[in-house]
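Q: Sharing a model prediction with you, sequence too.
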Amino acid sequence: MSPRRRRRKSNDELLVAFGALVLVGLVLVKVGQWVWGHWWVLVVLGLLALGVLVGWVYRQVGRMRSAQLRVEGLTYSLSQLDAMHHSAFEVAVRDLLARDGSRDALRCGGRGDLGADVKGHDPAGRYWVIQCKHRRNGLRGSAIGTPELQTLNGTGRPVHGGDVVVMVTNGRISGPARDFARQQRLHLVDRHVLEQWARGRRPLWEILPAVPPSRKPPRLR
């Protein structure tokens, strides 16, 4: 290639580069003008980013809190549990599950909970779905009957996918309800079992009989 053609090619490349820089500059100016005229978009994006950050921090705090509960050995007396509001009772059950080693224990009770107030995996990988029924009068309150267990049975496994489906109450459970629970492989935590769990140091999966086997494969030696 002759020197003249090389110079021409070099000039063409410089012109293309200069044109690209001008185009980029124009685009940046337009973007700046748009942002200046739509500053509220930046505010919305900032709020969304803040929401994501808050959610992440909340999850991290929850994990730290679960670890702290396990270390501290959280306990409750029956009198403490009886005095709680039903929503606080659900939180207490979640905290006891976390104390025993459930890293994702979650209180999900409320309107539209579909029969599950607390959910979480145990260290063996089993998924626990728990319905909580608080009785202000303890044993003197109305007994948990078959209808409550039928509701739990209808959602515990089909909807929530639970491996272990549990009814927890600080009160009592009727005889027909116990028969139904045995037939449907539901687990019951009545006042007596709740006291063992809340005041002791044994996890619920060691207290309840006939808990399904671990979902985790055994370690090879």
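A: Nice, I can see it.
Q: Look up the pLDDT of the spatially most central residue of the chain for me, please.
A: Central residue of the chain (C-alpha atoms, centre = their mean): Leu106, 4.2 Å from the mean position. pLDDT, Leu106: 94.
Q: surely it meets Asp117?
A: No - with contact defined as C-beta atoms under 8 Å, Leu106 and Asp117 do not form a contacting pair (9.8 Å). C-beta coordinates here come from the backbone N, C-alpha and C atoms, glycine included.
Q: Run a quick neighbour tally on the nearest residue to Tyr76 once chain neighbours are set aside.
A: Once flanking residues are discounted, Tyr76 sits nearest to Ala198: 4.1 Å by C-beta to C-beta, 6 or more residues apart in numbering. Applying other C-beta atoms under 10 Å, we find 22 residues neighbouring Ala198.
Q: what's near enough to touch Ala198?
A: The contact partners of Ala198, taken as C-beta atoms under 8 Å, 6 or more residues apart in numbering, are Thr75, Tyr76, Ser77, Leu78, Leu81, Ala92, Leu96.
Q: what's the answer for Pro213, then?
A: Pro213 touches Ala124, counting by C-beta under 8 Å, 6+ apart.
Q: Number the residues from 36 up from this point.
A: New numbering, starting at 36: the last item is Pro248.
Q: Checking it next. Helix, strand or coil?
A: Classification of Pro248 using DSSP: H, G, I helix; E, B strand; the rest coil returns coil.
Q: Okay, strands next: where are they in the protein?
A: In the chain, the strands defined using DSSP state E lie at 141-142, 153-156, 162-168, 199-204, 222-224.
Q: Contacts for the first one, please.
A: It stands for strand 141-142. Residues beyond strand 141-142 that count as contacts (C-beta under 8 Å, 6+ apart) turn out to be Glu125, Val126, Val128, Arg129, Asp152, Val153, Lys154, Gly155.
Q: make it 6 Å
A: Contact with strand 141-142 is made by Glu125, Val126, Arg129, Val153, Lys154, Gly155, as judged by C-beta atoms under 6 Å, 6 or more residues apart in numbering.
Q: Of those, which is the most crowded?
A: Tallying neighbours with other C-beta under 10 Å puts Val153 at the head of the contacts of strand 141-142, with 27 neighbours.
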